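**Student:** please work out how this folds:
(chains A and B)
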There are 2 protein chains.
Amino acid sequence: MASEEINVPPMKDLNIDNITENTVIINSQSSDPRLTYVMERLVTHLHDFARETRLSTTEWMAALNFLVKVGQISTDVRHEYILLSDILGLSLLVDAIDHPKPPASTEGSVLGPFHTHEAETMKHGDLMSQDTEGEPCLVLCTIKDVNGNPIEGVKVDIWETDSTGHYDVQHADRDGPDGRCVMKSDKDGVFWFKAIVPVPYPIPHDGPVGQLLKLLKRHPWRPAHMHFMFEKPGWDHLITALYIRGDPYETSDAVFGVKQSLIVEFNPADAKTAQEYGVKEGSKVLRHDFVLVDEKETERLRDENALKALKALGRKVKLLNHLPVPDLD
Amino acid sequence: MASEEINVPPMKDLNIDNITENTVIINSQSSDPRLTYVMERLVTHLHDFARETRLSTTEWMAALNFLVKVGQISTDVRHEYILLSDILGLSLLVDAIDHPKPPASTEGSVLGPFHTHEAETMKHGDLMSQDTEGEPCLVLCTIKDVNGNPIEGVKVDIWETDSTGHYDVQHADRDGPDGRCVMKSDKDGVFWFKAIVPVPYPIPHDGPVGQLLKLLKRHPWRPAHMHFMFEKPGWDHLITALYIRGDPYETSDAVFGVKQSLIVEFNPADAKTAQEYGVKEGSKVLRHDFVLVDEKETERLRDENALKALKALGRKVKLLNHLPVPDLD
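**Tutor:** All right, here's what the predicted structure looks like:
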């Protein structure tokens, strides 16, 4: 809807029943139909939330003060709004919407607030955790397409906590990145590295999100996991994690990230593996094959899901840059 | 719903279709039914918003970064989240829900982000603005109940900008409060003071809320107004403002605050008024009668509106401390 088409009515005497349509109209003056649509849904849901809860002024003010605190505790290395999105199930939902997975491909999981862009590029076999207290492990992986063909040159980002359950950025006195690295898959789609066996840890709960969890009588724990992110032009960006079987928090992850297909086991290294990769016999080994999806296939699936979902909601939309906007024709 | 009644299912393999109900369940473990209800509606609307817009990861991250900025620009004297709530129409809506007005009572308006608790207590007739550039005015008011009886001892908070359209707290080099005061109504319900004629001004738009308005092709202006807040035990707390007739932004207030019944006129002081109140003949005078509502009557109206609205939505609720919670009996 272009600016010149909008006839904004006089805004006066707004009340419970007409504030929403008026706010939507005044927000519809940009020439960006996606912005108009997103704002329309945002304002409608925000207002419906207030109307359905009969939100009181005291609750409204408490909520606004909470939101200020979530912003103010955030830093370059602590994104409390990602954390809030995570514990409200929004992060998992957005990933599921944006990265639909055809059968046999690797499922996504939550990014979390601890990915950074400062990880060192390492070569296969490098040790990505300097934590000598952690239990050493060897991680042997491949990256393939849904037909089983190896994918070469995929940039893989890997990050995990230390043995105390903290990411490097959570230590004020850290020297530099640790427990994280970037590497590339070779012509066989292989990448491998040495790390430590992940441990369960609580998400940062000394801030407003922690207070909310407490109020909700929820624990802040995540089951032990290792994060992976895969990028290569032409392939759907994959953010995922591998979870260790049998973790006490396997079915109560504070951020809803666990999927059955992402639960893995560490096995003891046999003599051959130990020799081949230079690790102790009996030390822990994780083998995993990741499967990426062609970007076009993801796009096609995403479009199909979007149109189906919005049709079911009775909304007349079309896709613009693969995102829904109202269909006004 | 008490903690012991909740049977939280295993949380695994959550997807677009089941994430909402699972998040709602895990958020239902507190013994506070109001918290449970508010969180249920919040999560449902948040998730529906993402599903209906097919929110992309890029948009999600942009939104979270925006929310961080809104928190980080906030200070003790700048509440950017109130501003955000204001421009989204939420503030007006919450006031309308929480403070329903019977006929003949003074309507509410938005609080805005500039009320402080440091205003000096003044006596009737005092000058509450030291801005010599402003056009002087005399403000003569009464406070009555809906039957026309004066209300004595009401604490009145009054605040306005200076002649440049800035509140005292917006000046980094200010000496102390200015353009604001607190006074009490006398036995006839009267309070009066000297001030300056309000001017239109833009809400602070050098921050994220200003950027959003720009993106939405909305202007940041508010029509000229003077804020009033009334408090006395037993009477419904009234937050309102008086707007000057004929302002260029009368029908396009950036925060939706204008009501026809709150639009007033300044008239020239006649000889008698000038002499009685010690002002120049012909200088501006505003006379206004405010009408407060008995707290019990407001409570009754609020309850009635809540039950009616929620019945219309098909929700089975009851009121607990005058706020809806699910009726599970």
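**Student:** what's the longest helix anywhere in chain A packed up against?
**Tutor:** Ranked by residue count under DSSP state H, the longest helix found in chain A is helix A:33-53. Contact here means 3 or more Cβ pairs under 8 Å, 6 or more residues apart in numbering or on different chains; DSSP states H and E; on that basis helix A:33-53 packs against helix A:19-26, strand A:317-320, strand A:323-326, helix B:33-53, helix B:90-98, helix B:295-312. Using the backbone N, CA and C atoms, a C-beta is placed for each residue, glycine as well.
**Student:** what about the one residue in chain A that gets nearest to chain B, neighbour count?
**Tutor:** With Cβ to the nearest Cβ, the shortest gap between chain A and chain B falls at A:Gly71, namely 1.4 Å. When neighbours are counted by other Cβ atoms under 10 Å in any protein chain shown, A:Gly71 registers 23.
**Student:** so it sits right up against A:Glu80, yeah?
**Tutor:** Yes: counting by Cβ atoms under 8 Å, A:Gly71 does reach A:Glu80; the two are 7.4 Å apart.
**Student:** which neighbours do these two share?
**Tutor:** Taking Cβ atoms under 8 Å, 6 or more residues apart in numbering or on different chains as the contact rule, A:Gly71 and A:Glu80 both touch B:Val68.
**Student:** pLDDT score assigned to A:Asp168?
**Tutor:** As predicted, A:Asp168 sits at a pLDDT of 92.
**Student:** again, but for A:Pro9
**Tutor:** Taking A:Pro9 on its own, its pLDDT is 87.
**Student:** equivalent analysis for A:Glu4, please.
**Tutor:** So A:Glu4 comes in at 49 (pLDDT).
**Student:** what do you get for A:Met1?
**Tutor:** If you check A:Met1, the pLDDT there is 40.
**Student:** find the nearest non-adjacent residue to A:Asp188, please.
**Tutor:** In space, and not counting its chain neighbours, A:Asp188 is closest to A:Pro150: 5.0 Å by Cβ to Cβ, 6 or more residues apart in numbering or on different chains.
**Student:** and the longest helix of chain A, C-alpha only, in CSV?
**Tutor:** The C-alpha trace of helix A:33-53 is given here as CSV (Å, rounded to 0.1, in the frame of the first residue of the first chain):
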residue,chain,number,x,y,z
PRO,A,33,4.0,-3.7,2.4
ARG,A,34,5.9,-6.2,4.6
LEU,A,35,6.4,-3.6,7.3
THR,A,36,2.8,-2.6,7.1
TYR,A,37,1.7,-6.3,7.4
VAL,A,38,4.1,-7.0,10.3
MET,A,39,3.0,-3.9,12.2
GLU,A,40,-0.7,-4.7,11.6
ARG,A,41,-0.3,-8.2,13.1
LEU,A,42,1.9,-6.8,15.9
VAL,A,43,-0.5,-4.1,17.0
THR,A,44,-3.5,-6.4,16.7
HIS,A,45,-1.9,-9.0,18.9
LEU,A,46,-0.5,-6.5,21.4
HIS,A,47,-3.9,-4.9,21.8
ASP,A,48,-5.8,-8.2,21.9
PHE,A,49,-3.4,-9.3,24.6
ALA,A,50,-4.3,-6.2,26.7
ARG,A,51,-8.0,-6.6,26.0
GLU,A,52,-8.1,-10.3,26.9
THR,A,53,-6.1,-9.9,30.1
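**Student:** by how many degrees do that helix and helix B:295-312 diverge?
**Tutor:** Taking axes from the mean of the first three to the mean of the last three Cα atoms, to 10 degrees, one finds helix A:33-53 and helix B:295-312 inclined to each other by 120 degrees.
**Student:** ok now helix A:33-53, how far from the chain's centre?
**Tutor:** Offset of helix A:33-53 from its chain centre (Cα atoms, centre = their mean, to the nearest Å): 24 Å.
**Student:** which helix or strand lies directly C-terminal to it?
**Tutor:** helix A:57-72 (DSSP states H and E).
**Student:** now do the SS call for the spatially closest residue to A:His99 that is not a sequence neighbour.
**Tutor:** What sits nearest to A:His99 in space, not counting adjacent residues and going by Cβ to Cβ, 6+ apart, is A:Gly108, at 4.9 Å. Following DSSP: H, G, I helix; E, B strand; the rest coil, the label given to A:Gly108 is coil.
**Student:** A:Gly108: how many residues sit nearby?
**Tutor:** 24.
**Student:** list the beta-bridge partners for the residue nearest to A:Asp188.
**Tutor:** With DSSP bridges applied, A:Pro150 shows beta-bridge pairing to A:Lys144.
**Student:** the residue nearest to A:His99 and A:Ala96 touch, don't they?
**Tutor:** Yes: the pair A:Gly108 / A:Ala96 is scored as a contact, 7.2 Å apart, by Cβ under 8 Å.
**Student:** thinking again about what came up before, contacting residues for the residue nearest to A:His99?
**Tutor:** With contact set as Cβ under 8 Å, 6+ apart, A:Gly108 has these partners: A:95-96, A:99, A:101, A:238-240.
**Student:** neighbour-wise, give me the winner out of these.
**Tutor:** Greatest neighbour count in the contacts of A:Gly108, by other Cβ under 10 Å, goes to A:Leu238: 26 neighbours.
**Student:** ok, and the closest non-adjacent residue to that residue?
**Tutor:** Using Cβ to Cβ, 6+ apart and skipping the chain neighbours, the partner closest in space to A:Leu238 is A:Phe230 (4.3 Å).
**Student:** how about the one you found, phi and psi?
**Tutor:** phi -120, psi 130 (degrees, to the nearest 10).
**Student:** so it touches A:Asp145, yeah?
**Tutor:** No: the pair formed by A:Phe230 and A:Asp145 falls short of the contact definition of Cβ under 8 Å, at 11.9 Å.
**Student:** tell me who's in contact with the residue nearest to A:Leu238.
**Tutor:** A:Phe230 is in contact with A:143, A:154-157, A:237-238, A:240, A:290, A:292, counting by Cβ under 8 Å, 6+ apart.
**Student:** could you export these as CSV, including pLDDT and secondary structure?
**Tutor:** Compiled in CSV, the contacts of A:Phe230 are given as follows (pLDDT from 0 to 100; DSSP: H, G, I helix; E, B strand; the rest coil):
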residue, pLDDT, secondary structure
A:Ile143, 98, strand
A:Val154, 98, coil
A:Lys155, 98, strand
A:Val156, 98, strand
A:Asp157, 98, strand
A:His237, 96, coil
A:Leu238, 97, strand
A:Thr240, 97, strand
A:Phe290, 98, strand
A:Leu292, 98, coil
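**Student:** dump the residues you listed to JSON lines, plus distance to B:Leu55.
**Tutor:** Compiled in JSON lines, the contacts of A:Phe230 are given as follows (distance: Cβ to Cβ, whole Å):
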{"residue": "A:Ile143", "distance to B:Leu55": "28"}
{"residue": "A:Val154", "distance to B:Leu55": "26"}
{"residue": "A:Lys155", "distance to B:Leu55": "25"}
{"residue": "A:Val156", "distance to B:Leu55": "26"}
{"residue": "A:Asp157", "distance to B:Leu55": "23"}
{"residue": "A:His237", "distance to B:Leu55": "16"}
{"residue": "A:Leu238", "distance to B:Leu55": "18"}
{"residue": "A:Thr240", "distance to B:Leu55": "19"}
{"residue": "A:Phe290", "distance to B:Leu55": "25"}
{"residue": "A:Leu292", "distance to B:Leu55": "23"}
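**Student:** any quick PyMOL command for the buried ones out of those?
**Tutor:** Here is the PyMOL command that selects the buried residues among the contacts of A:Phe230 (16 or more other Cβ atoms under 10 Å in any protein chain shown):
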select buried, chain A and resi 143+154+156+157+237+238+240+290+292
